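K.L.:
mind looking at a prediction? Sequence and model below.
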Amino acid sequence: SVMPDAPRRMNVSLRTIMTTTNTTEQQRLDLLSVFVGTLAWTIRCDPPFPGSNSDRRTELAEEILRVLFAMRAVSGVGKHQQPSSSSSSSSSSSSYPPSFEEESMAQLGILLCDMLHLPNADIRVYNVKLNVVNLLMDAPSNYSN
């Protein structure tokens with residue numbers, strides 16, 4: 001299987017976060033995109049998920065889902081703001097285009113749906129699916145839009 005560039009991006013993001021005292025919104029979104037990319041790799045690479053008993057991708061997927069839950073709870077990553085009545089999208093304080101977070105959240109949503117369609121035969125997959133449900137239960141009210 002081909003390894004995505006997510007590990008390299010993760011190293012850069014983690015190094016940036018560790019060398020600064022204040023985590024900016026841009027760094028949080030970088031870390032979000034790294035986690036989404038790594039999660040996609042764990043689910044979609046060969047051999048098919050969950051792999052053999054020695055394959056630890058299920059553990060990686062569980063940890064990423066737990067971190068995504070914690071990131072949202074602590075720092076607000078993934079918390080979409082309700083649209084204002086003025087419909088002005090230029091008031092974003094992030095240096096990314098307004099669609100960057102939406103794109104990451106859409107990719108995450110696709111992954112979460114794919115994970116919910118995995119068979120329940122393996123307890124490791126079942127535990128991953130429980131973490132997916134936990135994350136979806138805490139999703140913003142407008143996430144389904």
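P.N.:
Ah, there it is. Numbers count the residues shown, from 1 in each chain.
K.L.:
okay, buried residues for the helix or strand hosting I110 please.
P.N.:
Assigned by DSSP states H and E, I110 belongs to helix 99-116. By 16 or more other CB atoms under 10 Å, the buried positions in helix 99-116 come out as 100-101, 104-105, 107-108, 111-112, 115. All C-beta spots, glycine's among them, are computed from the backbone N, C-alpha and C.
K.L.:
and that helix, what does it pack onto?
P.N.:
In terms of contacts (3 or more CB pairs under 8 Å, 6 or more residues apart in numbering; DSSP states H and E), helix 99-116 is packed against helix 25-44, helix 123-137.
K.L.:
adding mean pLDDT, write these out as TSV.
P.N.:
Below are the helices and strands packed on helix 99-116 laid out as TSV (pLDDT from 0 to 100):
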stretch	mean pLDDT
helix 25-44	80
helix 123-137	93
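K.L.:
between these, which one is closest to L65.
P.N.:
Shortest distance between L65 and the helices and strands packed on helix 99-116, using CB to CB, is found for helix 123-137: 3.9 Å.
K.L.:
next, the angle from the closest one to helix 99-116.
P.N.:
Counting by axes from the mean of the first three to the mean of the last three CA atoms, to 10 degrees, helix 123-137 lies at 140 degrees to helix 99-116.
K.L.:
cool, thanks, talk later.
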